[in-house]
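J.: Everything below, folded, please.
(2 chains)
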Amino acid sequence: MGYLNNSVITVDAILTNKGRELLARGDGSFKITQFALSDDEIDYTLYNPTHPSGSAFYGQALESMPLLEAFPETTQNLRYKLVTLPRGTSKMPVLDVGLSQITLKQGASLVITPQTLNYLGANQVFESSGYTATIADVRTMNVFEGVGVNTTQATNLNSSQTLGTNVSKTVIGTSINLTATTVNTLFGTTLNELNTTLTLIGRDSGARITVPVKVTKTTT
Amino acid sequence: MSFKRLDPEDFLVSADSITAGAWTNNASTLATYHKNSSQAASDSGRYYVSVYNSDAAATQEVQFNIAYGESNGLGSLPYDGNIAGKSPTSTVYGQFQNIVLGDENSDFIFGEYTSSRFYALTLDRARFKGSLFPGTMTLTLSGSGVSTRTFTDNSKEVTSTVFNEAGRVFQLVSGSAGTVNTSVNTNGYSANSGSYGLFLPDIGTILLNPYALDGTADDGGIALATSDAVDTKAINTDKMFLAVSGGASFTINSQENLTSDFVFVRARNSEYNYSANPSFISSSTGAVLYNDFINAPQTFITTVGLYNDENELLATAKLSKPLKKDFTKETLVRVKLDF
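T.: Numbers count the residues shown, from 1 in each chain, chains lettered A, B, ... in the order given. Prediction:
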């Protein structure tokens, strides 16, 4: 008779930049209430459903691969989340913002209204819980706000403000309002454009899209 | 749905005690002792002498300090020659009265012996970390013309722990590693002058009883010859330094309580079996990469993220290797957060 495997996997966590920021605030915003899992670093094309040794070996190339250590940068972690969907799902939810890149002149505004494809049996839906939008460098925006979701969490998140360095900012909404910065000093003496990224995640579906954002200098 | 709320029972706060050798590089025993001439010559040298593990400036670190306290200011130069009784030794005495006794009118009692003087060995904060670990100390002292004698605390002998203003208090007795030497006295004390001092683990300090150490070998002492001279700068701290360095062995462990938060992350069989990973789909339409994934998807967990209500990522943990997940498996991951 064999022994049952009763092992529990233990991993050490590190605080992200955002975690450190909220811990430093000391206002209770550092409160872990939920978790997510991701498969960052996994390339599913390495999964081999035709492996001659059978199904136990389909994932052979993935199961023993070494993994990198965790990054403290918030936007570089859990980029691809695992999601809970009904068995038999043939199409994964995909986000569509209608843009492959966002280019804004200084002071210019844009409203983004994401949609989710292949979710809840519909070809195209607006998720009822809205979307999480993260701008990697909040300094590039004068306005970065989510609208359309009136929960306490969304209100708290949308009203939070961090001054100073190039930290990210996350908001929640069904639409995201962007207005590019008018501050010239960010461009220094040589730059004509600022580059960052906008990451949108469906709060219900977990679908994700990252769009490059460029702010071009208009004044001297 | 990629976020899952944690239940109150998924959180655990655990305090673990970590013990290690107290000295630099977690060595348990310090065998070589060095002074720094500039420290000894400085103003602080009037109060204490710092003991280093090395005489090489690049590698030396303070291990502990030796101070001498005397209620009437004996044993050191007075601050002002016209004012008797006020000197660095009286200042040190008052300092430890305040910390250990909490009463400026009380004297120290070593065993049953009341003393108005003491030697203090104060371990550097980086050495004793949280506290000294009772029962691990063996301090070897050598005296003039007397063979060495070892001292330890009586924490293994007492039936109840005594507390004072400095936390736990144990008597310093003859013996080693918590085992009492009864050759002079059945309780490990000196023959006529009480215990050899107090072991104060919570403030990383050992107080030594000069009267017991000054005794003869038959009395259980080391003939240390503590001086009452008031015309020499640091005569008694130098005597103790010679006694410690002559003994050439000071063994003690530190103890530190590390508080960790554990978060138990549970993925049920029906959860987290699909992925938003771009390689999980075959095209921009979102179709899964393999037909096998429609009814028997497999995902590989590499990362756990901990979030607040606003979906802000607060902490992240990586697994050492991918963990396979499908509709036939449930997963429990314990995430440890140290602060």
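J.: Grab the nearest non-local neighbour of residue 103.
T.: I'll assume chain A. Distance criterion Cβ to Cβ, 6 or more residues apart in numbering or on different chains; nearest residue to A:Thr103, sequence neighbours excluded, is A:Lys214 at 4.7 Å. Where C-beta positions appear, they are placed from N, C-alpha and C, glycine not excepted.
J.: I was thinking of chain B, sorry if that wasn't clear
T.: With Cβ to Cβ, 6+ apart as the measure, B:Gln97 is the residue that lies nearest to B:Asp103, at 6.9 Å, once sequence neighbours are left out.
J.: in terms of contact, does that neighbour touch B:Ser106 like I think?
T.: Yes: with contacts defined as Cβ atoms under 8 Å, B:Gln97 counts as touching B:Ser106 at a distance of 6.8 Å.
J.: and the residue nearest to B:Asp103, which of the three is it?
T.: Using DSSP: H, G, I helix; E, B strand; the rest coil, the secondary structure recorded for B:Gln97 is helix.
J.: name the element the residue most central in space within chain A belongs to?
T.: Closest to where the C-alpha atoms of chain A average out (Cα atoms, centre = their mean) is A:Thr199, at 4.8 Å. Secondary-structure assignment from DSSP states H and E places A:Thr199 in strand A:193-202.
J.: what sits up against that strand?
T.: With Cβ atoms under 8 Å, 6 or more residues apart in numbering or on different chains as the test, strand A:193-202 has contacts from A:75, A:79, A:81, A:93, A:95, A:97, A:102, A:112, A:114, A:116, A:119, A:127, A:131-137, A:140, A:176, A:178, A:181, A:186-187, A:207-217, B:2, B:311.
J.: The residue nearest to A:Thr103 - that's part of a helix, no?
T.: No: inclusion of A:Lys214 in a helix is not indicated when three-state DSSP is applied; the result is strand.
J.: How about the stretch 101-250 of chain B: which residue is closest to chain A?
T.: Using Cβ to the nearest Cβ, the point where the stretch 101-250 of chain B gets nearest to chain A is B:Lys129, with a distance of 20.1 Å.
J.: who's in contact with that residue?
T.: Listed by Cβ under 8 Å, 6+ apart, the contact partners of B:Lys129 are B:Ala20, B:Ala22, B:Ser254, B:Gln255, B:Glu256.
J.: Does it have any beta-bridge partners, and if so which?
T.: Judged by DSSP bridges, the bridge partners of B:Lys129 are B:Gln255.
J.: Burial check on A:Phe187, number of neighbours?
T.: Using other Cβ atoms under 10 Å in any protein chain shown, the number of residues around A:Phe187 comes to 18.
J.: Phi, psi for it please.
T.: Main-chain dihedrals, A:Phe187, degrees, to the nearest 10: phi -80, psi -10.
J.: What of B:Phe241?
T.: The phi and psi values for B:Phe241, taken as degrees, to the nearest 10, are phi -60, psi -40.
J.: got a list of what B:Ser195 touches?
T.: When contacts are counted by Cβ under 8 Å, 6+ apart, B:Ser195 is found next to B:Phe110, B:Gly111, B:Tyr113, B:Asn154, B:Gln171, B:Leu172, B:Val173, B:Asn187, B:Gly188, B:Tyr189, B:Asn209, B:Ala212.
J.: What confidence value was assigned to it?
T.: At B:Ser195 the predicted local distance difference test score is 96.
J.: what's near enough to touch the residue lying closest to A:Ser90 once chain neighbours are set aside?
T.: Closest residue in space to A:Ser90, ignoring its immediate chain neighbours: B:Ile294 at 4.8 Å, by Cβ to Cβ, 6+ apart. Applying Cβ under 8 Å, 6+ apart to B:Ile294 gives the contacts A:Gly88, A:Thr89, A:Ser90, B:Val288.
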